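Asks: model this:
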Amino acid sequence: MSGVVGNDFLLMFVFTLTKPIMIVELNSVGSVVDTETFFTYPKYINGGYDKDGGVHIYEVSDEWYSSLTEEDKYVVDTLLFMTKSNQ
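Replies: Below you'll find the predicted structure:
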(Lines give C-alpha, C1' and ligand atoms only; values in the text may rest on other atoms or scores of the structure.)
Protein backbone atom coordinates (compact mmCIF):
# COMPACT_ATOMS: atom_id res chain seq x y z
CA MET A 1 0.00 0.00 0.00
CA SER A 2 2.96 2.36 0.18
CA GLY A 3 2.46 3.08 -3.54
CA VAL A 4 -0.95 4.55 -2.83
CA VAL A 5 0.61 7.02 -0.41
CA GLY A 6 2.95 8.08 -3.20
CA ASN A 7 -0.01 8.52 -5.53
CA ASP A 8 -1.84 10.56 -2.89
CA PHE A 9 1.13 12.93 -2.77
CA LEU A 10 1.29 13.12 -6.55
CA LEU A 11 -2.42 13.81 -6.91
CA MET A 12 -2.31 16.40 -4.12
CA PHE A 13 0.46 18.08 -6.14
CA VAL A 14 -1.73 17.97 -9.26
CA PHE A 15 -4.67 19.53 -7.40
CA THR A 16 -2.66 22.36 -5.83
CA LEU A 17 -0.74 23.68 -8.82
CA THR A 18 -2.24 25.92 -11.46
CA LYS A 19 -2.36 24.13 -14.80
CA PRO A 20 0.40 21.61 -14.11
CA ILE A 21 1.72 19.60 -17.03
CA MET A 22 2.51 16.23 -15.58
CA ILE A 23 3.00 12.87 -17.15
CA VAL A 24 2.17 9.98 -14.83
CA GLU A 25 3.33 6.46 -15.66
CA LEU A 26 0.77 3.66 -15.64
CA ASN A 27 3.18 0.75 -15.70
CA SER A 28 0.51 -1.94 -15.48
CA VAL A 29 -0.74 -1.04 -18.97
CA GLY A 30 2.51 0.28 -20.48
CA SER A 31 1.14 3.79 -20.76
CA VAL A 32 1.45 7.31 -19.44
CA VAL A 33 -1.33 9.81 -18.80
CA ASP A 34 -1.11 13.59 -19.17
CA THR A 35 -2.87 15.09 -16.14
CA GLU A 36 -3.69 18.31 -17.98
CA THR A 37 -5.22 16.91 -21.17
CA PHE A 38 -6.34 13.55 -19.76
CA PHE A 39 -4.87 11.73 -22.75
CA THR A 40 -3.11 8.39 -22.35
CA TYR A 41 -0.12 7.47 -24.51
CA PRO A 42 1.76 4.19 -25.08
CA LYS A 43 5.21 4.09 -23.46
CA TYR A 44 8.31 3.22 -25.43
CA ILE A 45 10.46 0.39 -24.06
CA ASN A 46 13.55 2.60 -24.07
CA GLY A 47 11.76 5.52 -22.34
CA GLY A 48 9.51 8.31 -23.50
CA TYR A 49 6.08 7.88 -25.00
CA ASP A 50 4.28 8.01 -28.34
CA LYS A 51 2.94 11.57 -28.53
CA ASP A 52 0.96 10.70 -31.67
CA GLY A 53 -0.81 7.69 -30.18
CA GLY A 54 -2.96 9.46 -27.59
CA VAL A 55 -6.36 8.25 -26.45
CA HIS A 56 -8.55 10.36 -24.16
CA ILE A 57 -9.16 8.77 -20.77
CA TYR A 58 -12.91 8.53 -21.59
CA GLU A 59 -12.14 6.48 -24.70
CA VAL A 60 -9.82 3.77 -23.35
CA SER A 61 -11.02 0.21 -23.85
CA ASP A 62 -12.59 -1.90 -21.12
CA GLU A 63 -9.69 -4.33 -21.53
CA TRP A 64 -7.16 -1.53 -20.93
CA TYR A 65 -9.02 -0.34 -17.82
CA SER A 66 -9.44 -3.84 -16.38
CA SER A 67 -5.68 -4.45 -16.81
CA LEU A 68 -4.79 -1.59 -14.45
CA THR A 69 -3.34 -2.46 -11.06
CA GLU A 70 -5.18 -1.09 -8.05
CA GLU A 71 -2.56 1.63 -7.72
CA ASP A 72 -2.87 2.71 -11.37
CA LYS A 73 -6.67 2.43 -11.22
CA TYR A 74 -6.61 4.86 -8.29
CA VAL A 75 -4.74 7.39 -10.46
CA VAL A 76 -7.10 6.93 -13.43
CA ASP A 77 -10.24 7.08 -11.27
CA THR A 78 -9.01 10.28 -9.64
CA LEU A 79 -8.35 11.83 -13.04
CA LEU A 80 -11.81 10.76 -14.22
CA PHE A 81 -13.26 12.48 -11.16
CA MET A 82 -11.25 15.62 -11.99
CA THR A 83 -12.61 15.72 -15.54
CA LYS A 84 -16.19 15.47 -14.27
CA SER A 85 -15.53 18.16 -11.65
CA ASN A 86 -14.24 20.56 -14.33
CA GLN A 87 -17.35 20.25 -16.54
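Asks: SS state for residue 47?
Replies: Three-state call for residue 47 (DSSP: H, G, I helix; E, B strand; the rest coil): coil.
Asks: Could you tell me the backbone phi and psi angles at it?
Replies: When read as degrees, to the nearest 10, the backbone of residue 47 gives phi 110, psi 160.
Asks: tell me, how many neighbours does it end up with?
Replies: Other residues lying near residue 47 total 6 when counted by other Cβ atoms under 10 Å. The C-beta positions use only the backbone N, C-alpha and C, and glycine is treated the same way.
Asks: State the number of residues packed around the closest residue to residue 39 other than its chain neighbours.
Replies: Spatial nearest neighbour of residue 39, chain neighbours left out: residue 54 (3.9 Å); criterion: Cβ to Cβ, 6 or more residues apart in numbering. If you count neighbours by other Cβ under 10 Å, residue 54 ends up with 18.
Asks: Roughly how far does residue 54 sit from residue 32?
Replies: Distance, residue 54 to residue 32, using Cβ to Cβ, to the nearest Å: 10 Å.
Asks: Quickly list what's touching both of these two.
Replies: Common contact partners of residue 54 and residue 32 (Cβ atoms under 8 Å, 6 or more residues apart in numbering): 40-41.
Asks: mind checking the SS state of the most centrally placed residue in the chain?
Replies: The residue lying closest to the centre of the chain (Cα atoms, centre = their mean) is residue 33, at 3.7 Å. Using three-state DSSP, the structure places residue 33 in strand.
Asks: Other residues contacting stretch 40-52?
Replies: Contact with stretch 40-52 is made by 23, 25-26, 30-34, 53-57, 60, 64, as judged by Cβ under 8 Å, 6+ apart.
Asks: re the thing from before, quick one: residues contacting the residue nearest to the centre of the chain.
Replies: Contact analysis of residue 33 by Cβ under 8 Å, 6+ apart lists 23-24, 26, 39-41, 57, 75-76, 79.
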